[in-house]
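A.B. asks: just the structure for this:
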Amino acid sequence: MAVEIESKKVDAKIIDPKPVDPKADPKKKKSAAAQLKSVWPMIGELVRPRRGLLALSFLLLLIGRLCGLVLPAAPKYLLDDVIGKHRADFLLPLVLAVLGATLIQGLTSFALTQLLSKEGQRLISELRKRVQMHVGRLSLNYYDANKTGALVSRIMSDVEGIRNLIGTGLVEFCGGILTAVLSLGFLLKYNAQMTGIALGFLVVLMVALSRAFKTIRPIFRERAKINAEVTGRLTESLGGVRVVKGYHAEERESNVFSRGVQRLLDNVLKSLTATSLMGLTSTVVLGVVSAIIMFIGARQILAGHMTSGQLFSYTMFMGFLIAPVAQMASIGTQITEALAGLDRTREVLAESREDQDAERTIVLGHINGAITFENVDFSYEPGKPVLDDVSFDAQPGTVTALVGSSGSGKSTIIGLASAFYKPTSGRVTIDGQDLSRVRLDSYRSALGVVLQDSFLFDGSIKENIAFSRPSATEEEILAACRIAHVDEFTERFADKYDTIIGERGVKLSGGQRQRVSIARAVLADPRILILDEATSSLDSESEAYIQQGLKYLMQGRTTFVIAHRLSTIRQADQILVVESGKIVERGKHAELLALQGRYHDLYTRQHGLEENLFLAPGEGDKVEDKSSGPRGGGGGVPDAVSLIRGQGF
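C.D. replies: Now for the predicted structure:
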């Protein structure tokens, strides 16, 4: 039973990716205007729920900046009235006004920090959760094209700069502009001539800074890219530390990381050089402006057109005007970095989530588990086909086994059956419904997967097993453990099922990790079961136990098995022999052996392990069989061969 949900046009507009211009250069750097334009809708989305908070913040900002102007205005009255005219009665009110204004300014600054800085941190947390939730729902194609470290950088680092757009950076930027505008009014009132000259130099400085930002903007974007690459390689190196140590490659990995760090350092030094030049330019221009003000102001006082108090206040107001310009190097850098990070975040959020595919409108009810491949073609990259015209039926309660040499397309068929990918052409159906149009949540809830790489999380054994069904009771978890024979080794641990197994289950052996993974699938109680070489990491004795559990698990379910051992697939309802993306043979074990074809060849080669006990099933296809009979002598080898033959292939 399936229910089709109406697909709204507005949703499709949001989900569908924009067409890519083939002439567009992906490496072309965005201008500041283009970058701001691309992230502006996202900024608006983030600001909209916080409009009240921002309005209050700007009110506090206005009060604080107005109070801040009392201090530069006070010297005029102090020098010209209190001291010049001996107005002692005016001294106390003036001092109290300065103290009161300073206190109010301090309180507003404290309130702004509490409001915006904390809200900025909350926004970072919210955005991280949003990006992680989105990335977690992207298709496997996206993961195949991006390194884990790069994705970690997108989630954790790129959103950091948002606090400079909605937070302290915003206060500094807007507050600086407001102070500069108010100060300009006082400066024009005191002396328009000096103000005009000073503004001329400041315009020159602004033009220089604007060109400098065009130079450093690509540097910051490149820095994030380098950082993601270095982080990705470091993550891989640490995750594969056993391989690194096994091949004595510590120094080699250290050199690779050092080269990445050097690239990052070169980028940072380049940006520091640019910002230092900006700071030098600002300092020189402001020094020139100060010298001009000093010269013209002194002549104005000597000519009687300006008082000493006015010049003192004028100089302080000029400082309030040029301070934001002097800070533009640091503030502009922060905002540029924030825009670059937000732009990268926007790019990630623009990726279409697989659960929001506009074509997936069918909600499955009860799933029987009939899966059909109808003339399916598939390729990961255009022009490089992996599957070619694959067709077969897998009925409920049956076991479909896939065999073939490495790289033949077995795991790709499993990926399509798991709805990890969509066919390039043809279709895969579940109970008659096109799987590419079925809602993933309604399908994958009935799916159980045991992959060749048994991934476990850093937690307890119990938590890893309960991952497939968090609501499971203690009794259900223990029952799954008994079926998968997890209890055999767990009972020997001091903490039993609460034993922490480390990252990727590093504290367990390969066979133990695989048993936990199988127990996880048992607990899920799926209608469709995927076993991708589920017993590959087990010794013969453990496999014998596991086969009992798998036999129980497969009852009444549609099961797909990739395995190189006949102990797993001998009783399969159908065996599909896959080579070069095509099904070259199909049938049951006895039927395929009688064909004397590819399956018979694989079977014969595996049972010729006397020639090479390390030969894996499906491998060695190009090795000539030069067997001249069984080896003699020594009881160890024949016993091992007999054991392998007894367990199948």
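A.B. asks: which element follows the host helix or strand of residue 43 toward the C-terminus?
C.D. replies: In the assignment (DSSP states H and E), residue 43 maps to helix 32-47. Downstream of helix 32-47, the first helix or strand assigned by DSSP H and E is helix 51-68.
A.B. asks: for that following helix, which positions count as buried?
C.D. replies: For helix 51-68, the buried set under the neighbour-count rule, 16 or more other C-beta atoms under 10 Å, comprises 54, 57-58, 60-61, 64-68. From N, CA and C alone the C-beta is placed, and that goes for glycine too.
A.B. asks: A strand includes residue 344, no?
C.D. replies: No - counting by DSSP: H, G, I helix; E, B strand; the rest coil, residue 344 is not part of a strand but helix.
A.B. asks: please name the nearest non-neighbouring residue to it.
C.D. replies: Among residues not flanking residue 344 along the chain, residue 158 sits closest, at 4.9 Å (C-beta to C-beta, 6 or more residues apart in numbering).
A.B. asks: I'd like to know how many residues surround the one you found.
C.D. replies: Neighbourhood size, residue 158 [other C-beta atoms under 10 Å]: 26.
A.B. asks: what's the per-residue pLDDT of residue 372 here?
C.D. replies: According to the prediction, residue 372 has pLDDT 93.
A.B. asks: offset the numbering so it begins at 44, please.
C.D. replies: Fine by me, first position is 44 from now on; the one you just mentioned is residue 415.
A.B. asks: partner residues bridging it?
C.D. replies: Judged by DSSP bridges, the bridge partners of residue 415 are residue 436, residue 472.
A.B. asks: which ones are touching it?
C.D. replies: Counting by C-beta atoms under 8 Å, 6 or more residues apart in numbering, residue 415 makes contact with 435-437, 471-472.
A.B. asks: buried ones from those residues, can you make that a PyMOL selection?
C.D. replies: Buried members of the contacts of residue 415, defined by 16+ other C-beta under 10 Å, are picked up in PyMOL with:
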select buried, resi 435+437+471+472
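A.B. asks: nearest to residue 568, out of the contacts of residue 415: which one, please.
C.D. replies: Of all these, residue 568 sits closest to residue 437, with 18.8 Å by C-beta to C-beta.
A.B. asks: from residue 479, how far out is that closest one?
C.D. replies: Going from residue 437 to residue 479 by C-beta to C-beta, to the nearest Å gives 17 Å.
A.B. asks: now the strands for the stretch 344-493 of the chain?
C.D. replies: Assigned by DSSP state E, counting those that start in this stretch, the strands in the stretch 344-493 of the chain fall at 405-407, 414-424, 427-437, 442-446, 468-473, 476-477, 490-493.
A.B. asks: in the first one, which residues are buried?
C.D. replies: If you call a residue buried by 16+ other C-beta under 10 Å, then strand 405-407 has these buried ones: 405-407.
A.B. asks: mind giving me TSV with those residues and columns for pLDDT?
C.D. replies: What follows is these, written out as TSV (pLDDT from 0 to 100):
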residue	pLDDT
405	84
406	85
407	84
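A.B. asks: okay if I get these as a markdown table plus distance to residue 136?
C.D. replies: Rendered in a markdown table, the data for the buried residues of strand 405-407 read as follows (distance: C-beta to C-beta, whole Å):
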| residue | distance to residue 136 |
| --- | --- |
| 405 | 79 |
| 406 | 76 |
| 407 | 80 |
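A.B. asks: how about the nearest residue to residue 418, chain neighbours excluded?
C.D. replies: Residue 418 sits nearest to residue 469 (C-beta to C-beta, 6+ apart), 4.0 Å away.
A.B. asks: and for the one you found, the neighbour number?
C.D. replies: Residue 469: 16 surrounding residues under other C-beta under 10 Å.
A.B. asks: so it sits against residue 417, correct?
C.D. replies: Yes - assessed by C-beta atoms under 8 Å, residue 469 is found in contact with residue 417 at 5.3 Å.
A.B. asks: quick one: the helices in the stretch 194-343 of the chain, in order.
C.D. replies: Using DSSP state H, counting those that start in this stretch, the helices of the stretch 194-343 of the chain run over 211-233, 235-282, 284-289, 293-345.
A.B. asks: which one is residue 459 nearest to, not counting chain neighbours?
C.D. replies: residue 471 (5.4 Å).
A.B. asks: tell me the pLDDT of the one you found.
C.D. replies: On pLDDT, residue 471 comes in at 93.
A.B. asks: what's the domain layout of the chain?
C.D. replies: 94-388, 414-655 (automatic domain parsing).
A.B. asks: quick one: mean pLDDT for the longest one?
C.D. replies: If I follow you right, that is domain 94-388. The average pLDDT for domain 94-388 rounds to 80.
A.B. asks: hmm, who's touching stretch 461-469?
C.D. replies: Outside stretch 461-469, the residues that touch it by C-beta under 8 Å, 6+ apart are 182-184, 416-422, 428, 430, 432-434, 455, 458-459, 478-479, 481, 483, 486-487, 490, 492, 573.
A.B. asks: neighbours of residue 441, just the number please.
C.D. replies: 18.
A.B. asks: next: residue 202.
C.D. replies: Neighbour count of residue 202, defined by other C-beta under 10 Å: 23.
A.B. asks: tally of neighbours for the nearest residue to it once chain neighbours are set aside?
C.D. replies: Distances taken as C-beta to C-beta, 6+ apart put residue 170 closest to residue 202, at 4.4 Å, once the chain neighbours are dropped. Other residues within reach of residue 170, judged by other C-beta under 10 Å, total 20.
A.B. asks: spatially central residue in the chain, please.
C.D. replies: Geometric centre of the chain, nearest residue: residue 194, 2.8 Å, by C-alpha atoms, centre = their mean.
A.B. asks: for it, list the residues it contacts.
C.D. replies: Contacts for residue 194 (C-beta under 8 Å, 6+ apart) come out as 178, 186.
A.B. asks: from residue 388, how far off is it?
C.D. replies: 12 Å.
A.B. asks: got a list of what residue 152 touches?
C.D. replies: Here residue 152 is in contact with residue 107 (C-beta under 8 Å, 6+ apart).
A.B. asks: work out for me the element it sits within.
C.D. replies: Per DSSP H and E: residue 152 is located in helix 134-155.
A.B. asks: quick one: buried residues of the following helix or strand past that helix?
C.D. replies: Later in the chain than helix 134-155, the nearest helix or strand by DSSP H and E is helix 161-178. For helix 161-178, burial by neighbour count (16+ other C-beta under 10 Å) applies to 162-163, 166-167, 170-171, 174, 177-178.
A.B. asks: CA-only coordinates of the helix or strand just after helix 161-178 in PDB, if you can.
C.D. replies: Scanning forward in sequence from helix 161-178 by DSSP H and E, the next helix or strand is helix 183-188. The C-alpha coordinates for helix 183-188 follow below in PDB (Å, rounded to 0.1, in the frame of the first residue of the first chain):
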ATOM      1  CA  LEU A 183      26.200   9.500  -0.900                       C
ATOM      2  CA  ASN A 184      27.300  11.200  -4.100                       C
ATOM      3  CA  TYR A 185      28.100  14.300  -2.100                       C
ATOM      4  CA  TYR A 186      30.100  12.300   0.400                       C
ATOM      5  CA  ASP A 187      31.900  10.600  -2.400                       C
ATOM      6  CA  ALA A 188      33.000  13.900  -3.800                       C
END
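A.B. asks: rewinding a little: closest to residue 151 out of the buried residues of helix 161-178?
C.D. replies: Residue 151 has its nearest neighbour among the buried residues of helix 161-178 in residue 162, at 16.0 Å by C-beta to C-beta.
A.B. asks: the closest one - nearest residue in space that isn't next to it in sequence?
C.D. replies: Leaving aside its chain neighbours, residue 162 sits nearest to residue 96 (6.1 Å; criterion: C-beta to C-beta, 6+ apart).
A.B. asks: tell me who's in contact with the one you found.
C.D. replies: 158-159, 162.
A.B. asks: any chance of those residues in JSON lines, plus distance to residue 81?
C.D. replies: Converted to JSON lines, the contacts of residue 96 look like this (distance: C-beta to C-beta, whole Å):
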{"residue": "158", "distance to residue 81": "28"}
{"residue": "159", "distance to residue 81": "24"}
{"residue": "162", "distance to residue 81": "24"}
